[in-house]
Structures are given as structure tokens and as C-alpha cells.
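1. Need a 3D model of the following:
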Amino acid sequence: MSRIEVDIAGLESAGMLASSAGSDVVALAGEVQAVAGAGGGAPPATEAALGAMAGAWSAGLAMLGEEIHGVGMAADAAAALYLQADTGSMCPSGG
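-> Prediction:
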């Protein structure tokens, strides 16, 4: 039986980068709310439209950030499972 070849360190690195990027996108979602604050004093229709846009944009970014973070967590879990399979289940020799 041949072995599964996986770059575990690369998978862990990609997972860490995705988790970090996801957290950054979630933080950006919070900062988007400042856009709505910048519209204070504008005509009511403009202020309302700006607030709605900022709310929708913020919610979308927050969801995207959580999904990216989830990809990072999945990559970390996959790396751990590959390592466990490699050290505990696979034959040490080629057959």
C-alpha cells in the first residue's frame, strides 16, 4: 500500500493564514459601521441609505470573515488528522 503524501507544515501554515485573514475581515466589518457615522448630518434619506449600506456591507463582511476563518480551522484539523493517520495507521514500509 502506498503512503498518502501531504505537506502537513504547508497545510498548517495555510490554515494559520486563513484563520488570521478571516479575523481581519471580521474586524473590518466592525470598522465599516464608521462609514454610517460619517453620514451624520446628511439629509435624512441619504443618512438612512448610508446606514443601510453600511449595515449590509458589515454583515456581509462578518459572514465572509467567519467563513474564511472556518477554512483555516478546517485546514488545521486536516493537518492534525493527516499527521495522526501517518503516525498511527499507515504502514511504515511500502507494503
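2. tell me what the lengthiest helix in the chain is packed against?
-> When every helix of the chain is counted residue by residue (DSSP state H), the longest turns out to be helix 44-88. For helix 44-88, the elements it packs on are helix 8-38, judged by 3 or more CB pairs under 8 Å, 6 or more residues apart in numbering; DSSP states H and E. (C-beta placed from N, C-alpha, C; glycine too.)
3. can you give me the angle the longest helix of the chain makes with helix 8-38?
-> 170 degrees (axes from the mean of the first three to the mean of the last three CA atoms, to 10 degrees).
4. Give the rounded mean pLDDT of helix 44-88.
-> For helix 44-88, mean pLDDT rounds to 91.
5. chain center to that helix, what's the gap?
-> 4 Å (CA atoms, centre = their mean, to the nearest Å).
6. now do stretch 41-48
-> Distance, centroid of stretch 41-48 to centroid of chain: 34 Å (CA atoms, centre = their mean).
7. For Gly40, see how far away the residue nearest to Val71 when sequence neighbours are not counted is.
-> Excluding its sequence neighbours, the residue lying closest to Val71 (CB to CB, 6 or more residues apart in numbering) is Ala18, at 4.8 Å. In this structure, Ala18 and Gly40 are 36 Å apart, going by CB to CB, to the nearest Å.
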